[in-house]
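[1] Sequence first, then the predicted structure, then my questions.
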Amino acid sequence: MKLNVLHIIRIFRAGWKNIYLHKLRSLLTMLGIVFGVASVIAMLAIGEGASFEAREKIKELGSNNIIVRAVKPPVAPGSEQQTTFLSAYGIMPLDLEKIKTIPSVEKVIPTWEDKRDVWYLDKSTDARLVGTYPGYPEVMNLSAVRGRFFSQIDYDTIKPYAVLGSSIKNKLFPLEEPVGKTIRIGLNYFTVIGVVSERAIVSGTGFEAEDINFDVYIPLSTQRIYYGEYTIGERRGGGIMAADRSWVKYHRLVIKVGETEQIITTAAITEDILRANHKQQDYEILVPLQLLKQAEHTKKIFNIVLGAIAAISLIVGGIGIMNIMLATVTERTREIGIRRALGAKRRDIINQFLIEAVILSSIGGFIGVLLGITIPGLVTKFASMVTIVTYWSIFLSFGISVAIGITFGIYPARKAAYLDPIEALRYE
Amino acid sequence: MADNIIEFENISKIYRVGEIEIPALKNINMSIEKGAHISLMGPSGSGKTTMLNLLGCLDTPTSGRYIMDGEEISSLEDDKLSDIRSRKIGFIFQSYNLIAHLTVNENIGLPLFYQGINEKIIAEKAEVMAEIVGLKDRVRHKPAELSGGQQQRVAIARALINNPAFILADEPTGNLDTKTGKEIMELLNKLNEQGTTLFVITHDSRIAEYGDAVIRILDGEIV
């Protein structure tokens, strides 16, 4: 038999007709494939999203960085701190000096941070005021998209200069050029000298969400003179709660390590230094590289679990298709006999039933693809996880569904083809 | 010899059920000329069905030679037999054996489908065949929408479409009332007069009488 295109089309159409004839039955048969394919796509989308998130996080924190953050320790009831309404904690200048001496450390940049309102004329927005060194953008992979970051000279001469995060710029200067304008933070006025690049907001990889687009950077020297070392804390009901006041030297140290291989040991040494200097656990150490590894580990576990679910539903779906195809073969034994008597070769019968199985599994696969594209969207919406549906995952899972149709269709098709035509013709 | 459509030389067929051998046909010799109308008669169990299976290339003999239309086919493999069936034989069955979910036109065209012929050409040819058997206005119908006599006409049209070496009819009137049966036999007779070789298997002597010759078979032997 010559296998021309029209012939194939006709077999396809006949197969589709038979499936359409048993709509409900076919739909139920497809369910396994539908869920299998959907979970393959969803799994890959969530995994892809997780690694994208980790990569972005690394970009934000710097792959060769170690971050030390000041943590407000829990206040013991009746302690001195509670009665003074002031908590003193955080990273001390001695920590900074000692960490600087570690040979593998290339640079240490400290910051002092406080939540403040930023004003430009009658517009204002919440911001995180960050006092730091001129080397900050380099270690954090930031760059100025307008103007410039403050320089060492600006720092040394204690200039009232401010550099804005992109969200601050958008809020205060939606249409205007911000560089050269004067903004007010508290009772102090600053000249805007630059705006830094926008950062994608990522969350869920073991960090609290920090939107650095709402940062305002000023020289730490200027900050010390204008604001001192006390944070005002959060405002409540318009007033300032004294109990929220803190005395902190540095909120954060960004430690840049020269060689990636030395990050883990440097982190351990840093930990030792801090432990020796601090009486209480008022700091935490974050190693982005470790977090990346952790994220990849999580992703792996996730993939194994979802992969197993996908594999099981695909196998169950395949068995479902085999089951229904065997029923179809039995139902149509007479038809097979007639077709054989009229000249159908075994191969023709195999083609007919195999194509029917493949149509079943492909439709299941198609519905699964639609579902699989929808699920990651819902996950993003309700579980606020980043998901990325890749094209190749769609092709892959659809390919798998077609392969399942062939794999599980071949046995019933062969069974049909090897029926004795004489027996089949006599079948009632 | 060249004009013989069917030639059986010492054909035997033995069925094996476990250890027991059951001879269904014993050393059958026969020749059928082109254009003949042969009736094959015999009671049930006589070997009629075996004869049908062998003639129709649905089965191969245990021994002997079967030459059809100049081709030795007693030892062909399955694919070749399928090919012979689709090109050389027109089947008519007692229970019509139409495929329920196909239209009359598609049913008629089925033997050509397996020759890999273009669909349009098949549909046109099927239309012509439907006209010959008087069902021109029924080609879009499903078999279930037709009467028994009409269904058998569809089967006849289907048997004719591949321009076969001969038509093999197994009790063609068995499911029909006398009047309709007569109409069907008259149609077959007409086709025979136009040159189609006809081989009718029946146990009804009135049907057998339509033939030019009657072969009687009993216990696997021609009598």
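    Thanks, I have the structure now.
[2] Of all residues in chain B, which one is closest to chain A?
    When scored by CB to the nearest CB, chain B has B:S86 as its residue closest to chain A, at 2.2 Å. (Glycine included, C-beta is placed from N, CA and C.)
[3] Would you mind confirming that that residue makes contact with B:L110?
    No - B:S86 is not in contact with B:L110 according to CB atoms under 8 Å; the separation is 9.2 Å.
[4] Next, show the common contact partners of these two.
    Counting by CB atoms under 8 Å, 6 or more residues apart in numbering or on different chains, the shared contacts of B:S86 and B:L110 are A:L342.
[5] Skipping adjacent residues, who's closest to the residue of chain B closest to chain A in space?
    Nearest non-adjacent residue to B:S86, counting by CB to CB, 6 or more residues apart in numbering or on different chains: A:G343, 2.2 Å away.
[6] tell me the helices in chain B, going along the chain?
    Ranges of helices in chain B, per DSSP state H, are B:48-55, B:78-88, B:104-113, B:119-132, B:148-160, B:178-193, B:205-208.
[7] next one: chain A
    A:5-21, A:23-61, A:80-84, A:93-100, A:136-139, A:152-156, A:166-172, A:220-227, A:263-277, A:288-331, A:333-341, A:346-383, A:391-417, A:421-426.
[8] Report whether the second one contacts chain B.
    Looking back up the chat, that one is helix A:23-61. No - with CB under 8 Å from any CB of the partner chain as the criterion, chain B is not reached by helix A:23-61; the gap is at least 14.2 Å.
[9] The last one now?
    Yes - against chain B, helix A:421-426 shows contacts by CB under 8 Å from any CB at A:P421, A:I422, A:L425.
[10] Quickly list what the residue nearest the centre of chain B is bridged to.
    For chain B, the residue nearest the mean C-alpha position is B:L168 (1.7 Å; CA atoms, centre = their mean). Counting by DSSP bridges, B:L168 is bridged to B:F91, B:F199.
[11] so it sits right up against B:N53, yeah?
    No - if you go by CB under 8 Å, B:L168 and B:N53 don't touch, sitting 10.0 Å apart.
[12] so what sits against both of these two?
    By CB under 8 Å, 6+ apart, B:L168 and B:N53 have no common neighbours.
[13] for chain A, what are the nearby residues on chain B?
    Residues of chain B lying near chain A by CB under 8 Å from any CB: B:53, B:56, B:58-59, B:78-79, B:82-83, B:85-87, B:91, B:93, B:97-101, B:110-111, B:113-116, B:118-119, B:158, B:162.
[14] if I look at A:E259, how far off is A:Y136?
    22 Å (CB to CB, to the nearest Å).
[15] more neighbours, these two?
    Applying other CB atoms under 10 Å in any protein chain shown to A:E259 and A:Y136 shows that A:Y136 carries more neighbours, namely 24 against 10.
[16] how much space between the more buried one and A:I67?
    Taking CB to CB, one finds A:Y136 at 13 Å from A:I67.
[17] How about A:V216?
    From A:V216 to A:I67 the distance is 20 Å (CB to CB).
[18] B:L198 now?
    96 Å.
[19] higher neighbour count, those two?
    B:L198 (24 against 20).
[20] which ones are touching the more buried one?
    Contact partners of B:L198, counting by CB under 8 Å, 6+ apart, are B:A36, B:H37, B:I38, B:F166, B:I167, B:A169, B:L188, B:L191, B:N192, B:G211.
[21] one more time with 6 Å
    B:H37, B:I167, B:N192 (CB atoms under 6 Å, 6 or more residues apart in numbering or on different chains).
[22] Of those, which is the most crowded?
    Counting neighbours by other CB under 10 Å, B:I167 leads the contacts of B:L198 with 22 neighbours.
[23] Give me the pLDDT for that residue.
    pLDDT for B:I167: 93.
[24] Go ahead and confirm it touches B:I161.
    No - B:I167 is beyond contact range of B:I161, at 11.2 Å (criterion: CB atoms under 6 Å).
[25] So, low pLDDT: which residues of chain B?
    B:1-2 (pLDDT under 70).
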